[in-house]
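Student: generate coordinates for the sequence data below:
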Amino acid sequence: MRLLLPDDNGGLLPISYFHALARLGEEALVLIEPSQPFVSLGYFDPTEVVDRDYCRIHGIPVMRRETGGGMVLLGPGQVFYTLVVKRPHAPIPSVVQDAYRYLSQAPVAVYRRLGISTRFRPINDIVTTAGRKIAGQGAGDINGHFCFVGSILLDFDCDLMHRIVRLPDSRLKGTLRDTLSSAMTSVLRETGRKPSPGTVTQYLIEAFAPLVGGLEASSVPDHVAEAARAVAGTLVASVDEDDAPRAPTLFKVQEGLYLCQRIVDTPPGPLAVSIGIRDDMVISAHATCRQEGDASPYLASWIGRRFTAATLPLDKTAGQLRIAPATLAAALFGI
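Tutor: Down below sits the predicted model:
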């Protein structure tokens, strides 16, 4: 397997190389650290998940990759691994979930060498023993090639991440920031140290080599670099700048952990509701009304219950909020 370590890591090139390789019908493992932050939407992500006005003002590009996974903030402090192989490619399993598990052995091994015990959590996360997400991954087929992408998080800017997420009400930003801070981590946070990208790159090479049948370092061919620059433009163009964005109401923090964000109309005024959901169970519930302030105590009885209209005590809560139970159910669940 060819190993590429590109010198040019500006703009969207770090995530463009694997798209270019697949379109060219070529295989390689690309290892690279971005020189600037950018937002990468998954193939199925709605554009409204990103606050594009904030990103535009601060010069943060927004693009859509051709693989799965959720919206992520990418940039300095992350060492990307992007693998492109033709299908079928022994010994990589042909079933996507099996391929995730097989190839995730590499980042798990790298984190172990960095002093952090991690494990693969389906569908596509790497988490610490405490359950904090330390890597997100994605995969997809492009031009008959299987593409597997992820990164080693040496450091992560949770503050910037919460700023680029578009929410239905600015009052929910604090809850999102706190949830991201508690659910995500990095090498620096776990160990107090930030190893050099070069060290991590070498660890990745040694971890991936036996999984793909060996690696041979090669300079980036001119035609691949040219194709990557061309692809970068198409990835940005695929994000429709003309549609009218709606603030999302469900934000995925990591596999199994979500924030449900809603605005509910009540007589005293709009109520901003933020509900943390882990494995379908409510783990936190916050609410703020512009006129009456903190309304979180009204939602306290939700914590520990399954997040469904049938199991939450909506009648009691609706009575406290002075609205009809059907209004609350419709706002939260669309029913």
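Student: residues in contact with stretch 3-15?
Tutor: 17, 28-36, 38, 40, 61, 63, 65, 74, 80, 82, 149, 201, 205, 215-220, 224-225, 228-229, 232, 235-236 (CB atoms under 8 Å, 6 or more residues apart in numbering). C-beta here means a position set from N, CA and C on the backbone, and glycine is covered the same way.
Student: give me the buried subset of those.
Tutor: Buried members of these, scored by 16 or more other CB atoms under 10 Å, are 17, 28-34, 38, 40, 61, 63, 65, 74, 80, 82, 149, 201, 205, 215, 220, 224-225, 228-229, 232, 235-236.
Student: so which of those belong to strands?
Tutor: 28, 29, 30, 31, 32, 38, 40, 63, 74, 80, 82, 149 (DSSP state E).
Student: identify the residues contacting the second one.
Tutor: Residues in contact with residue 29, defined by CB under 8 Å, 6+ apart, are 1, 2, 3, 4, 81, 82, 83, 84, 208, 212, 215.
Student: that one bridge partners, please.
Tutor: residue 3, residue 83 (DSSP bridges).
Student: how far off centre is the lowest-mean-pLDDT helix or strand in the chain?
Tutor: When the helices and strands of the chain are scored by mean pLDDT, DSSP states H and E, strand 250-254 comes last with a mean of 74. On the basis of CA atoms, centre = their mean, to the nearest Å, strand 250-254 sits 8 Å off its chain's mean C-alpha point.
Student: in its sheet, what does it sit against?
Tutor: By DSSP bridges, strand 250-254 pairs with strand 257-266 (antiparallel).
Student: closest to residue 53 out of the contacts of residue 29?
Tutor: residue 82 (29.5 Å; CB to CB).
Student: next, name the residue at the spatial heart of the protein.
Tutor: Computing the C-alpha centroid of the chain and ranking residues by CA atoms, centre = their mean puts residue 72 first, at 3.8 Å.
Student: does it touch residue 39 like I think?
Tutor: Yes - contact between residue 72 and residue 39 holds when scored by CB atoms under 8 Å: they sit 7.5 Å apart.
Student: which residues of the stretch 51-200 of the chain score low on pLDDT?
Tutor: Along the stretch 51-200 of the chain, segments meeting pLDDT under 70 span 68-69, 168.
Student: what ranges does it have for its strands?
Tutor: 62-64, 72-74, 78-86, 118-121, 125-128, 133-142, 145-153 (DSSP state E, counting those that start in this stretch).
Student: turn the ones you listed into TSV, including distance to residue 251.
Tutor: Formatted as TSV, those follow (distance: least, CB to CB, whole Å):
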stretch	distance to residue 251
strand 62-64	16
strand 72-74	12
strand 78-86	20
strand 118-121	18
strand 125-128	15
strand 133-142	14
strand 145-153	19
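Student: what angle do the least confident helix or strand of the chain and strand 133-142 make?
Tutor: Using axes from the mean of the first three to the mean of the last three CA atoms, to 10 degrees, one finds that strand 250-254 and strand 133-142 are set 110 degrees apart in direction.
Student: which other residues reach strand 250-254?
Tutor: Contacts for strand 250-254 (CB under 8 Å, 6+ apart): 49, 70, 121, 125, 127, 133, 136, 165, 167, 176, 179-180, 183-184, 258-261.
Student: rerun that using 7 Å as the cut-off
Tutor: 70, 125, 133, 165, 176, 179, 180, 183, 258, 259, 260, 261 (CB atoms under 7 Å, 6 or more residues apart in numbering).
Student: then stretch 188-201?
Tutor: In contact with stretch 188-201 (CB under 7 Å, 6+ apart) are residues 5, 31, 33, 79, 110, 114-116, 128, 152, 154-155, 187.
Student: since that was my last question, I'll sign off now.
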